[in-house]
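**Student:** One predicted model, sequence on top.
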Amino acid sequence: MVLPQRVNGKARIDYTQNTLFGPLAKHAECQVSLQHTPDWLVLDVFQPLPEDLQDAQTVVFALEGRRTSAVVKDRQRLADHSLRLELETQ
């Protein structure tokens with residue numbers, strides 16, 4: 001069994017939120033851990049992170065010179081107050 005590889009580092013995350021007035025674009029720089037699985041990506045975002053990142057609908061992030069665009073399919077706050085985003089790439 002081959003385990004998915006984890007990539008750790010600092011990433012710029014551009015994200016959108018749906019508001020009453022349409023999509024709102026924001027960005028943040030955070031320490032992250034990215035794990036590739038056969039069906040999706042799992043992005044763990046560590047503190048400090050913006051509180052509204054958990055409401056993101058889409059994310060675009062650059063890590064290790066690779067830019068990834070994805071839709072947020074699920075989100076979860078972890079015990080250490082980090083945020084886990086399950087993503088489907090576009």
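**Tutor:** Nice, thanks for sending it over.
**Student:** Go ahead and flag the most central residue of the protein.
**Tutor:** residue 43 (4.6 Å; CA atoms, centre = their mean).
**Student:** is it true that residue 77 touches residue 54?
**Tutor:** Yes - contact criterion CB atoms under 8 Å: residue 77 and residue 54 qualify, at 6.9 Å. Every residue, glycine included, has its C-beta placed from N, CA and C.
**Student:** of the two, who's got more company?
**Tutor:** residue 54 (16 against 10; other CB atoms under 10 Å).
**Student:** circling back: how near is the residue lying closest to the residue nearest to the centre of the chain once chain neighbours are set aside to residue 78?
**Tutor:** Nearest non-adjacent residue to residue 43, counting by CB to CB, 6 or more residues apart in numbering: residue 85, 4.6 Å away. Between residue 85 and residue 78 the computed distance is 11 Å (CB to CB, to the nearest Å).
**Student:** shared neighbours of those two, which are they?
**Tutor:** Residues touching both residue 85 and residue 78 by CB atoms under 8 Å, 6 or more residues apart in numbering: residue 44.
**Student:** Quick check on those two: which one has the bigger neighbour count.
**Tutor:** Set residue 85 next to residue 78 and count neighbours by other CB under 10 Å: residue 85 wins out with 25 against 11.
**Student:** Beta-bridge partners for the more buried one, please?
**Tutor:** In this entry, residue 85 is beta-bridged to residue 43, residue 75, by DSSP bridges.
**Student:** Please name the nearest non-neighbouring residue to residue 48.
**Tutor:** Residue 48 sits nearest to residue 30 (CB to CB, 6+ apart), 7.6 Å away.
**Student:** returning to that earlier point: who are the neighbours in contact with the residue nearest to residue 43?
**Tutor:** Residue 85 sits next to 42, 43, 44, 45, 56, 59, 72, 74, 75 when contact means CB under 8 Å, 6+ apart.
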